[in-house]
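>>> Take a look and give me a structure for this.
(2 chains)
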Amino acid sequence: MSKQIGDVILDLQNISLRFGGVKALTDISFNVREHEIRAIIGPNGAGKSSMLNVINGVYHPQEGKIVFRGAQREKMEPHMAARQNIARTFQNIALFKGMTVLDNIMTGRITKMKASFVEHALWFGRAKKEELEHRKKVEEVIDFLEIQHIRKTPVGRLPYGLQKRVELGRALAAEPSMLLLDEPMAGMNVEEKQDMCRFILDVNDQFGTTIVLIEHDMGVVMDISDRVVVLDYGKKIGDGVPDEVKNNEEVIKAYLGAGH
Amino acid sequence: MLYREAGQFKTTYAADQQLFPIRQDRLGVIALLAIGFVGVPLFASEYWFSAILIPFLVFSLAALGLNILTGYAGQLSLGSAAFMAVGAYAAYNFQLRVEGIPILVTFIMAGLTAAGVGILFGLPSLRIKGFYLAVATLAAQFFIVWCLTKFPWLSNNSSSGVISTQKMFIFGHEFDSPREKYLLVLSIVVFLSLAAKNMVRSSTGRAWMAVRDMDVAASVIGIRLMPTKLLAFAVSSFYCGVAGALYAFCYLGSVEPDGFSLELSFRILFMIIIGGVGSILGSYLGAAFILLLPIFLDIALPFFANLFGLPFSTATVSHIQVLVFGSLIMFFLIVEPHGLARLWQITKEKLRLWPFPH
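This next block holds a predicted model:
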């Protein structure tokens, strides 16, 4: 398994984000290379989720530049990130509770479906053909994540671990080139974590998807990520391959406290 | 035993995604349609057509319209009656002012007019949600009724805005008798219900439900909130508008702005709450419950009173009717907050396994 890590596709330069007087992010710069698994770690409240929200356009930083695939990004809305093939999952599961697993994952392909509501209503033209084509793709995702048995179950009835997996499925259904995962393993037991790690590595390996990952389990982070960036109180305190970060003085201080 | 899908294997996605994937459901719907189109017209009396069946269908359509907006897209609205009024008055004006316009085209134009007004009053939904949005749609309710009274042009200068609908001709044939009107309304309602079912099972409906369930996640997936919400308002108002036109043309024959009051909006809202929010079937069940139960109680209460030899005055009967109606609403909401449609779904799930418990 020799993975080809490519050029920088996402470059964040001097990002600062404030909410009123609260500084969520201060002057943060880092980049993400194609096909790599990039982890963002840090203690609670360090600004990790805010960072992901900046990347996919939910938050708009007051300062700084974002260069994605060579183009500097102007002010953008979340749905535009989806159209640039950036998909994400959320820290608190953000599935559509009233819908089945199948419908949830089908929703992930919505930007690729072109039929208008009139075609849907009268069930002519592209409507039927598209439903079937996309169903096929969605079934591939369902196979990949091994959730065939629950495809017709409303997601609200599923246990937590499976919901997390369905959420990953919904993101994967969009065939993203970049996948943002916000604590994909939070609250899971060891077996579920192992499954999830396997899926993340497989996605990265088979589809070449670039992955930006927030995770608290250091074992997992150090094992699967190619490079790690460490945030603390909205500032970047470390950046590099896992071994470098592990031995970084500031990082140790942030996690274990100062003054030993 | 009857309702069991064992042995019905789906070998293609097309078979799995059809409108009614279970054979018994398909047969049931066909049977219902046969009864509706053939059985009922053969046997029902004029009273049944004009006092029960036509209003039931018209209100089912209005409830379906509100259910698309509130049940599927999650936008609470208290303006359904106003959108019905727009439909009724638009249909009247198109008939009056456009020479030789076919009645079906009139109904479509009435729906489209209501859709336009719906989009306008849907704009606040881009910034506000939930109860606050409901209050904003109240503006539609009061403003539209006020407009219809204020501007005599809209009712062709009739006093206090009362309009009497024109005769309906399709291909030179006049739809005059209650039976013909019933068949016309039924055809339109069946067609629009199928269209609604198709919308909610495709990506249009999924976008609505995504916005309803979690709007941040929906936008991150690539759903644009503004067009999605406004489309829900447009489609919902279209349905309400057509329902309003049918209400005027096929049910009452003559309507006034005050007939489309807030109380009517509430009735439609109750229909979907009792029937099932986010269910097409629920719109029908709710309309049936709200409309038919009082009629049923009207007949049943005196009958039981006679049976037990209790001397009930008419006034007492009507008081008891309100009491029973109110307690039944509470009973159903406590037993099944998700409405009659959910109750029906649970029954079906039980039937699949019957006579076994699991």
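
>>> do you know how far residue B:233 is from residue B:120?
Applying CB to CB, to the nearest Å, the value for residue B:233 to residue B:120 is 9 Å. To be clear about C-beta, it is placed using only N, CA and C from the backbone, and glycine gets the same treatment.

>>> any residue of the top helix by length along chain A up close to chain B?
Longest helix of chain A, by residue count under DSSP state H: helix A:126-144. Yes: judged by CB under 8 Å from any CB of the partner chain, helix A:126-144 and chain B are in contact via A:127, A:128, A:130, A:131, A:132, A:135, A:136, A:139.

>>> Out of those, who's the most crowded?
Counting neighbours by other CB atoms under 10 Å in any protein chain shown, the top entry in the residues of helix A:126-144 next to chain B is residue A:127, with 25 neighbours.

>>> ok, the closest residue to chain A within chain B - contacts?
Closest contact between chain B and chain A, by CB to the nearest CB, is at residue B:222 (2.9 Å). Residues in contact with residue B:222 (CB atoms under 8 Å, 6 or more residues apart in numbering or on different chains) are A:79, A:82, A:83, A:110, A:111, A:174.

>>> so which of these are also by chain B?
Answer for the contacts of residue B:222 near chain B (CB under 8 Å from any CB): A:79, A:82, A:83, A:110, A:111, A:174.

>>> so residue A:18 sits in a strand?
Yes: Residue A:18 forms part of a strand when assessed by DSSP: H, G, I helix; E, B strand; the rest coil.

>>> got the contact list for the residue lying closest to it once chain neighbours are set aside?
Closest residue in space to residue A:18, ignoring its immediate chain neighbours: residue A:62 at 5.7 Å, by CB to CB, 6 or more residues apart in numbering or on different chains. Taking CB under 8 Å, 6+ apart, we find residue A:62 in contact with A:16, A:17, A:18.

>>> Got a ChimeraX select line for the buried ones in the contacts of residue B:222?
Remark: buried members of those, expressed as a ChimeraX selection using 16 or more other CB atoms under 10 Å in any protein chain shown:
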select /A:79,82,110,111,174
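
>>> For residue A:5, list the residues it contacts.
Residue A:5 touches A:33, A:34, A:35, A:36, A:226, counting by CB under 8 Å, 6+ apart.

>>> possible to save the residues you listed as JSON lines with pLDDT, distance to chain B and secondary structure?
JSON lines is the format used below for these (pLDDT from 0 to 100; distance: CB to the nearest CB, whole Å; DSSP: H, G, I helix; E, B strand; the rest coil):
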{"residue": "A:33", "pLDDT": "93", "distance to chain B": "23", "secondary structure": "strand"}
{"residue": "A:34", "pLDDT": "92", "distance to chain B": "21", "secondary structure": "coil"}
{"residue": "A:35", "pLDDT": "93", "distance to chain B": "22", "secondary structure": "coil"}
{"residue": "A:36", "pLDDT": "93", "distance to chain B": "22", "secondary structure": "coil"}
{"residue": "A:226", "pLDDT": "93", "distance to chain B": "25", "secondary structure": "coil"}
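
>>> quick one: which two of these are the most distant?
Farthest-apart pair in those is A:34 and A:226; separation 11.2 Å (CB to CB).

>>> Of the contacts of residue A:5, keep whichever come out buried.
Buried members of the contacts of residue A:5, counted by 16+ other CB under 10 Å: A:33, A:34, A:35, A:36, A:226.

>>> Contacts for stretch B:115-122 next, please.
Against stretch B:115-122 from outside (CB under 8 Å, 6+ apart): B:75, B:79, B:83, B:86, B:136-137, B:139-140, B:144, B:229-230, B:232-238, B:240-241.

>>> Pull out the buried members of these.
Looks like the contacts of stretch B:115-122 have B:75, B:79, B:83, B:86, B:136-137, B:140, B:144, B:229-230, B:232-238, B:240-241 buried, using 16+ other CB under 10 Å.

>>> can you narrow these to ones near chain A?
Near chain A, by the rule CB under 8 Å from any CB, you find residue B:235 out of the buried ones among the contacts of stretch B:115-122.

>>> Tell me which residues are up against the longest helix of chain A.
Helix A:126-144 is contacted from outside by A:101-102, A:105-106, A:108-109, A:112-115, A:119-120, A:148, A:151, A:169, A:172-173, A:175, A:199, A:202, B:13-14, B:16-17, B:198, B:202-203, using CB under 8 Å, 6+ apart.

>>> Which members of the residues you listed are positioned in helices?
Using DSSP H, the contacts of helix A:126-144 in helices are A:101-102, A:105-106, A:119-120, A:169, A:172-173, A:199, A:202, B:13-14, B:16, B:198, B:203.

>>> Look up how far residue B:346 lies from residue B:353.
Counting by CB to CB, the separation of residue B:353 from residue B:346 is 12 Å.

>>> Chain A against chain B: which residues are in contact?
Within chain A, the positions lying close to chain B (CB under 8 Å from any CB) are A:56, A:58, A:77-79, A:81-83, A:87-88, A:90, A:94-99, A:103, A:106-108, A:110-111, A:113, A:115, A:117, A:120-123, A:127-128, A:130-132, A:135-136, A:139, A:170, A:174.

>>> Up against chain A, what does the stretch 251-358 of chain B have?
So the stretch 251-358 of chain B meets chain A at residue B:278 (CB under 8 Å from any CB).

>>> Regarding the closest residue to chain B within chain A, which helix or strand does it belong to?
For chain A, the residue closest to chain B is residue A:82, as judged by CB to the nearest CB, at 2.9 Å. Assigned by DSSP states H and E, residue A:82 belongs to helix A:78-83.

>>> Now find how far off-centre that helix is within its chain.
How far helix A:78-83 lies from its chain's middle: 13 Å, per CA atoms, centre = their mean, to the nearest Å.

>>> What residues of the helix or strand containing residue B:283 count as buried?
Residue B:283 belongs to helix B:280-307 when elements are defined using DSSP H and E. Going by neighbour count (16+ other CB under 10 Å), the buried part of helix B:280-307 is B:280-291, B:293, B:297, B:301, B:305.

>>> all helices for the stretch 151-260 of chain A, in order.
Counting by DSSP state H, counting those that start in this stretch, the stretch 151-260 of chain A has these helices, from start to end: A:160-173, A:190-206, A:218-224, A:242-246, A:249-256.

>>> Would you mind finding the most buried of those?
helix A:160-173 (a mean of 23; mean count of other CB atoms under 10 Å in any protein chain shown).

>>> Show residues contacting stretch A:191-206.
A:1, A:3, A:35, A:37, A:144-145, A:161, A:164-165, A:168, A:172, A:179, A:181, A:184-185, A:188, A:209-211, A:213, A:217, A:220, A:223-224.

>>> same thing but at 7 Å, please
A:1, A:3, A:37, A:145, A:161, A:164, A:168, A:172, A:179, A:184-185, A:188, A:209, A:211, A:217, A:220, A:224 (CB atoms under 7 Å, 6 or more residues apart in numbering or on different chains).

>>> Low-confidence stretches in chain B?
The model of chain B has pLDDT under 70 over residues B:1-4, B:6, B:358.

>>> residues near residue B:105, how many?
With other CB under 10 Å as criterion, residue B:105 counts 11.

>>> helix/strand/coil for it?
Residue B:105 is classified as helix under three-state DSSP.

>>> and the nearest residue to it once chain neighbours are set aside, what element?
Using CB to CB, 6+ apart and skipping the chain neighbours, the partner closest in space to residue B:105 is residue B:94 (8.0 Å). Residue B:94 belongs to helix B:80-97 when assigned by DSSP H and E.

>>> For that helix, name the packing helices and strands.
helix B:54-66, helix B:103-122, helix B:130-150, helix B:225-246, helix B:262-275 (3 or more CB pairs under 7 Å, 6 or more residues apart in numbering or on different chains; DSSP states H and E).

>>> TSV please, covering those helices and showing distance to residue B:252.
Shown next, in TSV, are the helices and strands packed on helix B:80-97 (distance: least, CB to CB, whole Å):
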stretch	distance to residue B:252
helix B:54-66	9
helix B:103-122	15
helix B:130-150	15
helix B:225-246	10
helix B:262-275	12
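
>>> Could you pull up the residues touching the closest residue to residue B:271 other than its chain neighbours?
Spatial nearest neighbour of residue B:271, excluding adjacent residues (CB to CB, 6+ apart): residue B:286 at 3.5 Å. With contact set as CB under 7 Å, 6+ apart, residue B:286 has these partners: B:63, B:271, B:272, B:274, B:275, B:276, B:339, B:340.

>>> That's all I had, so thanks and see you.
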